[in-house]
Every structure is written in structure tokens, then in C-alpha cells.
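Asks: Pasting the sequence and the predicted coordinates here, then a few questions.
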Amino acid sequence: MASATPVDDEATLVAQLRAGDEAAFEQVVRAYGGRLLAVARRIVGTEEDARDVVQDAFLNAFKSLDRFEGNAKLSTWLHRIVVNAALMKLRTRKRKPEQSIETLLPSFLDDGHHEERFKSWDEPVDKLMERAENRELVRKQIDALPEGYRTVLVLRDIEGLDTEETSKVLGLSVNATKIRLHRARQALRTLLAPHFRSAAS
Amino acid sequence: MKCRELAEFLADYVNQELPLESRTHFEFHLSKCKNCHEYLVQYEVTIRAGKIACDEMSDEIGAIPDDLVKAVMAARSKV
């Protein structure tokens, strides 16, 4: 699989797109498609749905080129289109019953204290995340979250949608959305802890 | 405020949505409880780690599969 080639001259590429240049369309799909597929996959969960979303997104984008303003970045514009296409996919999905996440949440003693003594993760997060294997690990653990929780975390913390928008897309109350996000973050912390806790502490 | 309650309000605290009175109790507990303080740090690291890891500009993301490229181009020609 060839790696995505960066686009050198975006202005030229956009001009070619507007002129209907087929080679330019394919270049855009190849240059940005990998990243957009990753975004879609993270939101909708399955490979098959992610591919549908990416296809819809590119077709929508190519149809609405006149709405693309030259001062914005093509990647940002495409990202937004993919997120919207993914949200549409989510909206049409049947609501599944909430899965259990209990085992990934902290437990408490009768006196209200945590059962666990949390070992420090010594490294500052930016330093931790400089390493590719840690970035890969975090992405993998996000994928490992039960679907309903993963989706809320991705929409809120990764894609930056607000609570109201997220709750509408997922058909949840605002309160349920907040609780789910909190639990998703707690669960992710639980999944990351064994890898990030410092050997020294 | 017990550790259990603090854990429930973490999201609100991190979002700066805790009312002043609760926040005062919250921060008082944090100043006395190393374990909850550590948990808060890890909770915040988790949020930030997720953002950095999923930043789509990172190089580890693979290229779009060839067959999907072809499918997009084929669908385009039908439009």
C-alpha cells in the first residue's frame, strides 16, 4: 500500500478540481482518503460503514466544490464533510442496548475510598505521546471501548462536538451523554494505566 | 466529600461546570487525598492522550485502500 502523498500546491489542485480534472479527483482521494477513513472508522466503528461514509463524503465534497472557500484548508473542509457523513450514518442506526462497562470503572470501599491505589504515570502526556507506539496504543484502547461509550468519547473529546449536538446525534438525553462520556474516559484510563504507569512508582 | 463522590463529579470539574461551593469541597478533598489527585491527573492525561493520538495528521495512518479509491471514482462517474 503506497503511503499518502502530501499535496504540495493546494491552490492548483483546487483549481483542477473545479475544472473537473479527473486525475485531480483521484489525487485528492489518495492524498486524504487514508486519514478520512481513520476518522470515519473511529466514529462509526465498522470497516464496512467507514468505507460507505468515506465514499459518500468524497461524492458530497466533489458536488459542493463551489462551496469550498479558497482560504480554508482542503483537509479541514474534507474532515468536516466526513464527520457529517459519519454522523448521518450514526443517526440512521438502530439504538442498541447499552453495554456494560462496569469492569472498567473504578470500584469503591464502603467508606467511600477508592479500592485501588493509583500508581503515578510519571511522564507528562505530551512527552508520552511523542512515541509512536504510545499513540498506537491509545488508538487501540479507544477502539477497545464498548461501542456506545467509544462513540461519545470520539464525538466529544476527539471531534469536539458539544454535548447538545452529540446527544441529538445519538438519541440520548444531555445528561445520559455526559454520564456516558465520563464513564468512557474512566474506562479508557483503566485500559491505559497498565501501560503508562511508571515502573519506578 | 468522599472519593466516590469526587470521582462522579470529575467530568464537571474538568469542564469547569462545578458550582463554586462544590468546587471548594472538591479542591479541599484533592489537597488532602493523594489518591484522588493522582486519579484526576490520569483522567486529564487520558483526555489529552486521546486527542493527540487521534490527530489525523500523524504519519502512522495508512493510505486509502486501492479498491476504495476505485469505488469512489466509479461512483463519481455515475453522478
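Replies: Perfect, thanks for sending it. Small disclaimer: the values here were computed from a predicted structure and weren't measured.
Asks: Which pLDDT value belongs to the residue lying closest to B:I47 once chain neighbours are set aside?
Replies: Nearest non-adjacent residue to B:I47, counting by Cβ to Cβ, 6 or more residues apart in numbering or on different chains: A:D157, 5.6 Å away. The C-beta positions use only the backbone N, C-alpha and C, and glycine is treated the same way. Note for A:D157: predicted pLDDT of 97.
Asks: Let me see the contact set for A:D157.
Replies: By Cβ atoms under 8 Å, 6 or more residues apart in numbering or on different chains, the residues touching A:D157 are A:181, A:185, B:47, B:50-51.
Asks: elements contacting the helix or strand containing A:G34?
Replies: Here A:G34 is covered by helix A:22-44, with elements defined by DSSP states H and E. In terms of contacts (3 or more Cβ pairs under 8 Å, 6 or more residues apart in numbering or on different chains; DSSP states H and E), helix A:22-44 is packed against helix A:10-18, helix A:47-63, helix A:74-91, helix B:66-78.
Asks: Need these in a markdown table (columns: mean neighbour count).
Replies: Shown next, in a markdown table, are the helices and strands packed on helix A:22-44 (neighbours: other Cβ atoms under 10 Å in any protein chain shown):
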| stretch | mean neighbour count |
| --- | --- |
| helix A:10-18 | 15 |
| helix A:47-63 | 20 |
| helix A:74-91 | 19 |
| helix B:66-78 | 14 |
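Asks: Out of those helices, which gets nearest to A:G148?
Replies: Among these, the nearest to A:G148 by Cβ to Cβ is helix A:74-91 (10.8 Å).
Asks: report the angle between the axes of the closest one and helix A:47-63?
Replies: Per axes from the mean of the first three to the mean of the last three Cα atoms, to 10 degrees, the angle that helix A:74-91 makes with helix A:47-63 is 130 degrees.
Asks: which secondary structure elements does helix A:74-91 contact?
Replies: Using 3+ Cβ pairs under 8 Å, 6+ apart, helix A:74-91 sits against helix A:10-18, helix A:22-44, helix A:47-63, helix A:163-170.
Asks: Out of these, flag the one nearest B:F26.
Replies: helix A:163-170 (20.3 Å).
Asks: right, and the helix or strand after that closest one?
Replies: The helix or strand immediately downstream of helix A:163-170 is helix A:174-196, counting by DSSP H and E.
Asks: Dump the helices and strands packed on helix A:74-91 to CSV, plus mean pLDDT.
Replies: Below are these laid out as CSV (pLDDT from 0 to 100):
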stretch, mean pLDDT
helix A:10-18, 89
helix A:22-44, 94
helix A:47-63, 95
helix A:163-170, 94
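Asks: how does chain A divide into domains?
Replies: Annotated domains of chain A cover A:10-91, A:102-196 [automatic domain parsing].
Asks: Identify whichever of those lies nearest to B:S58.
Replies: Nearest of these to B:S58, taken as Cβ to Cβ: domain A:102-196 at 6.2 Å.
Asks: May I have the residues that are in contact with the residue nearest the centre of chain B?
Replies: Taking Cα atoms, centre = their mean, the centroid of chain B lies closest to B:I47, which sits 2.6 Å from it. Neighbouring residues of B:I47 by Cβ under 8 Å, 6+ apart: A:157, A:185, B:14.
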